[in-house]
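For reference, the sequence and a predicted model appear below.
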Amino acid sequence: MTSSIQDFGKVAVLMGGWAAEREVSLKSGQAVLDALLSAGVDAHKVDMDRNIATVLQQGQFDRVFNIVHGRGGEDGELQGLLEVLQIPYTGCGIMASAISMDKLMTKRLWLGMNMPTPAHRILEADTDWDEVVDALGLPLIVKPALEGSSIGMSKVDARDALPAAFEMAAQFGEVFAEQWVTGDEFTVAILGDEVLPSIRLQANNDFYDFEAKYQSDETQYFCPSGLSEDSELEIQALASRAFKAVGGHGWGRVDVMRNASGEFMLIEVNTVPGMTDHSLVPMAARQHGLSFEQLVVSILETATMGRKV
Ligand SMILES: Nc1ncnc2c1ncn2[C@@H]1O[C@H](COP(=O)(O)OP(=O)(O)O)[C@@H](O)[C@H]1O
Ligand SMILES: [Mg+2]
């Protein structure tokens with residue numbers, strides 16, 4: 001699909017919001033806004049707050065570029081509002097957004113379709129911790145179903161540490177434990193009908209601490225990821241199936257790990273991934289021959305509404 005820049009009409013670049021990822025979203029949003037403006041799009045910054053319905057109606061926007069990360073913007077809430085207002089928007093619809101925001105729902109869906117994802121157990125206050133450790137082994141990872149950016153997650157090395165890890169994660173709602181995957185970590189971006197080259201993420205710390213990884217500048221990114229041609233095709237096909245399974249539309253990013261036996265394991269889907277020029281989707285796009293500006297315009301071209309699946 002090629003649209004002329006004028007066809008986009010008046011575009012709201014929705015950023016900010018009220019989730020923990022607000023600051024990241026403002027950075028992503030500014031980068032998207034600058035790129036759209038330099039492409040000649042009539043783009044406007046809109047910092048999303050609870051008055052968003054009025055702001056969008058009064059502004060008479062023709063399209064929304066949604067770059068609000070996390071709750072409110074990435075979980076179906078905003079998508080439902082945009083459906084009511086009948087404004088075409090980038091990214092997934094209501095259902096795919098809501099499912100992807102919930103890591104546990106996403107895993108259930110993948111498991112129902114026989115897709116590979118690490119074994120897991122739901123954790124509750126009266127859970128039999130021994131059964132969990134027997135089933136998943138150690139170490140394992142404890143995650144809240146709903147948070148992002150590693151919030152509330154911890155690696156558990158000993159059975160006795162499991163209840164405390166559960167307590168910490170439980171502040172954020174439903175919690176599950178997942179089998180620890182020892183191996184390489186990848187992420188695969190989806191753009192329209194295309195799957196972009198995989199990126200391999202490598203923390204420099206010997207101590208494989210994902211929280212430190214995201215806070216430190218030590219993480220290295222490889223794109224091309226170094227996978228063999230066959231493995232690259234395999235991970236791309238898997239990411240594409242995983243994205244379609246949740247009903248994904250437009251663009252997104254699928255996190256994948258490879259276990260010690262060389263099998264790819266699906267971790268999660270991000271439906272509004274970061275978009276600063278240091279972010280992962282732009283990195284994969286660049287490897288695919290798309291500049292940041294071309295990427296942003298391509299994402300805007302996918303804006304639709306209605307049933308997106
Ligand atoms: N099962 C797992 N085994 C080992 N490391 C994991 C596992 N799941 C997640 N991680 C690590 O934790 C990071 C964050 O997990 P993820 O589920 O992607 O949540 P989010 O990106 O929303 O914080 C991953 O990028 C990876 O480094
Ligand atoms: Mg992730």
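Perfect, thanks for sending it. If you're wondering where the values come from, they're calculated on a predicted model, not measured in any experiment. Numbers count the residues shown, from 1 in each chain. Ligands and ions are numbered 1, 2, ... in the order given.

and stretch 225-234, how far from the chain's centre?
A distance of 22 Å separates the C-alpha centroid of stretch 225-234 from that of its chain, computed with Cα atoms, centre = their mean, to the nearest Å.

Likewise for stretch 139-157?
What separates the centre of stretch 139-157 from the centre of its chain is 16 Å, taken as Cα atoms, centre = their mean.

Export that stretch to CSV, keeping only CA atoms.
Once non-C-alpha atoms are left out, stretch 139-157 reads as follows in CSV (Å, rounded to 0.1, in the frame of the first residue of the first chain):
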residue,chain,number,x,y,z
PRO,A,139,16.4,-21.4,38.5
LEU,A,140,13.1,-20.2,37.4
ILE,A,141,11.6,-16.7,36.7
VAL,A,142,8.7,-15.1,38.5
LYS,A,143,6.7,-12.6,36.5
PRO,A,144,3.5,-10.5,37.0
ALA,A,145,1.2,-11.3,34.1
LEU,A,146,0.5,-7.6,33.5
GLU,A,147,3.6,-5.4,34.0
GLY,A,148,6.3,-4.6,31.5
SER,A,149,9.9,-3.5,31.6
SER,A,150,10.9,-6.2,34.0
ILE,A,151,8.9,-4.6,36.8
GLY,A,152,8.1,-7.1,39.7
MET,A,153,10.1,-9.9,38.0
SER,A,154,12.8,-11.9,39.7
LYS,A,155,15.0,-14.9,39.0
VAL,A,156,14.7,-17.5,41.7
ASP,A,157,17.7,-19.8,42.4
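
quick one: buried residues of that stretch?
Residues of stretch 139-157 classed as buried: 140-149, 151-156 (neighbour count, 16 or more other Cβ atoms under 10 Å). Any C-beta I mention is one placed from the backbone N, CA and C, and that applies to glycine too.

what do you get for stretch 289-302?
Along stretch 289-302, the positions that meet the burial threshold by neighbour count (16+ other Cβ under 10 Å) are L290, F292, L295, V296, V297, S298, I299, L300, E301, T302.

and G173, that one's in a helix?
No. Counting by DSSP: H, G, I helix; E, B strand; the rest coil, one finds G173 to be coil, located in no helix.

next one: phi and psi at it?
Taking degrees, to the nearest 10, you get phi 110, psi -150 for the backbone angles of G173.

L14 now?
When read as degrees, to the nearest 10, the backbone of L14 gives phi -90, psi 120.

That one - how many residues pack around it?
Other residues lying near L14 total 29 when counted by other Cβ atoms under 10 Å.

Please apply the same query to Q58.
Q58 is flanked by 9 other residues according to other Cβ under 10 Å.

sec struct for it, please.
With three-state DSSP as the criterion, Q58 was assigned helix.

Outline the domain layout of this structure.
Structural domains of the chain, as assigned by automatic domain parsing, span the residue ranges 5-91, 100-115+182-296, 120-179.

Deepest-packed of those, please.
Among the domains of the chain, domain 5-91 has the highest mean neighbour count (mean count of other Cβ atoms under 10 Å), at a mean of 20.

In the stretch 101-250 of the chain, where is pLDDT below threshold?
Counting by pLDDT under 70, the stretch 101-250 of the chain contains low-confidence residues at 205-217.

Great, nothing more from me.
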